[in-house]
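Enquirer: kindly generate the corresponding structure for this input.
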Amino acid sequence: MLLLPFQLLAVLFPGGDSEDVFQGPTSFHVIQISSFANSTWAHNLGSGWLDDLQIHGWDSDSGTAILLKPWSKGNISDEEFAELQEIFRVYFFGFTQEIQQRASEFQMEYPIEIQGIAGCELRSGGSIISFLRGALGGLNFLSSENDTCVPAPEGGSRAHHVCKLIMQYQGVMDTVKKLLFETCPRYLSGVLNAGKAELQRQVKPEAWLSSGPSPRPGRLLLVCHVSGFYPKPVWVRWMRGEQEQPGTRHSDLLPNADWTWYLRTTLDVAAGEAAGLSCRVKHSSLEGQDIILHWGHPISIGLIFLTIIVLSLILLLCLALWYMRHR
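Expert: Predicted structure coming up:
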């Protein structure tokens, strides 16, 4: 029965039947994180994701789903949504009781952390695969493969014990098979169609340069910031001319509050070698017009204009003096 909660997560909401070719997210998965401090205290977190975009949450106090996008339900009706929400409410309650009652049987010691991920993915050519994995304390515990519970080596004898128990419930396994291989693909198709306008949007990045803390004497840490772009794939490199510079380091891609992304790219160089370097940014929204920022302390546009004005005044003054003398 431990496997059932993870499979149920794979079908947060079934949806429509769009068959349009979609350029954007290609998978839907749900994540569950359950924490057990002791035999009387537990907390469950649930979330639903299109690739790395979260579109569902779960309020464990009220037992209700949180829709993070207006199209998060896909094409399902309010009635279907209410029914599925009730399934999850009952499921989280039952899962918590099951773990607390069987903790000693499965040789689990408090505090207990259980993680699960399940969903389906659209592959090139139109095929869809489904997946399910469970973990205990951050280590692989079990997975689903060809309608069979497969214990992970890291799970030891406990994982074998749990899988053996699960396989005794043929009705549960049949339900899991339907949810993973029928309902989840149907929902994925429907939600991609419902959210297509937003998921396929293009937002241009903004980029700027700064210096970070000096790694050591005589060295500079060059920092290229790229923010506000969507979709997530982006290419950022430190360059010298057309040559990529080794040693470029990228931070994790971090989400902004407006569902766009931020990336920080650094390069550690000798102070005398920084001149001539540039940061180049490639992104689908730029349509081939890369952003190129040159490092150094270039003359600002205002200073350039000021210099031109001063030189022009000097030239005019010289011409005036020459004219007056000859007159």
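
Enquirer: does Q107 really touch A159, like I thought?
Expert: No. With contact defined as Cβ atoms under 8 Å, Q107 does not reach A159; the gap is 11.1 Å. No exception for glycine: its C-beta is placed from N, CA and C like everyone else's.

Enquirer: which one's more surrounded, those two?
Expert: When neighbours are counted by other Cβ atoms under 10 Å, Q107 and A159 differ, and A159 comes out ahead with 24 against 10.

Enquirer: would you mind measuring from the most centrally placed residue in the chain to F93?
Expert: With distances taken as Cα atoms, centre = their mean, the chain has D52 as the residue nearest its mean C-alpha position (2.9 Å). In this structure, D52 lies at 30 Å from F93, with Cβ to Cβ, to the nearest Å as the measure.

Enquirer: and F93, what element?
Expert: Taking DSSP states H and E as the criterion, F93 maps to helix 78-102.

Enquirer: what's the next secondary structure element after the worst-scoring helix or strand of the chain on mean pLDDT?
Expert: Of all regular secondary-structure elements in the chain, judged by mean pLDDT, DSSP states H and E, the least confident is helix 3-9 with a mean of 40. Beyond helix 3-9 on the C-terminal side, the first helix or strand identified by DSSP H and E is strand 27-36.

Enquirer: between that next one and helix 78-102, how big is the angle?
Expert: With axes from the mean of the first three to the mean of the last three Cα atoms, to 10 degrees defining the directions, strand 27-36 sits at 40 degrees from helix 78-102.

Enquirer: need the residues that contact strand 27-36.
Expert: 5-6, 9-10, 12, 42-51, 56, 95-96, 99-100, 103, 110-122, 131, 184, 187-188, 191 (Cβ atoms under 8 Å, 6 or more residues apart in numbering).

Enquirer: if we use 7 Å, what do you get?
Expert: Counting by Cβ atoms under 7 Å, 6 or more residues apart in numbering, strand 27-36 makes contact with 5-6, 9-10, 12, 42-51, 95, 99-100, 110-122, 184, 187-188, 191, all of which sit outside it.

Enquirer: name the helices or strands packed onto the following helix or strand past that strand?
Expert: Toward the C-terminus, strand 27-36 is succeeded by strand 42-50 as the next helix or strand (DSSP H and E). Counting by 3 or more Cβ pairs under 7 Å, 6 or more residues apart in numbering; DSSP states H and E, the packing neighbours recorded for strand 42-50 are strand 27-36, strand 53-59, helix 78-102.

Enquirer: send the alpha carbons of the first one over as CSV?
Expert: Extracted C-alpha coordinates of strand 27-36, given in CSV (Å, rounded to 0.1, in the frame of the first residue of the first chain):
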residue,chain,number,x,y,z
SER,A,27,6.5,16.3,-19.1
PHE,A,28,4.1,16.4,-16.2
HIS,A,29,5.2,15.1,-12.8
VAL,A,30,4.1,15.4,-9.2
ILE,A,31,6.2,15.4,-6.1
GLN,A,32,5.3,14.4,-2.7
ILE,A,33,7.4,15.0,0.4
SER,A,34,6.2,13.5,3.7
SER,A,35,7.8,14.2,7.0
PHE,A,36,7.2,12.2,10.1
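
Enquirer: re the thing from before, show me what the helix holding F93 is packed up against.
Expert: On a contact count with 3+ Cβ pairs under 7 Å, 6+ apart, helix 78-102 meets helix 3-9, strand 27-36, strand 42-50, strand 64-67.

Enquirer: deepest in the core, which of those is it.
Expert: The highest mean neighbour count among the helices and strands packed on helix 78-102, using mean count of other Cβ atoms under 10 Å, belongs to helix 3-9: a mean of 24.

Enquirer: mind listing the strands for the stretch 201-327 of the chain?
Expert: For the stretch 201-327 of the chain, the strands identified by DSSP state E, counting those that start in this stretch occupy 206-212, 219-229, 235-240, 243-244, 249-250, 254-255, 261-270, 277-282, 291-294, in order along the chain.
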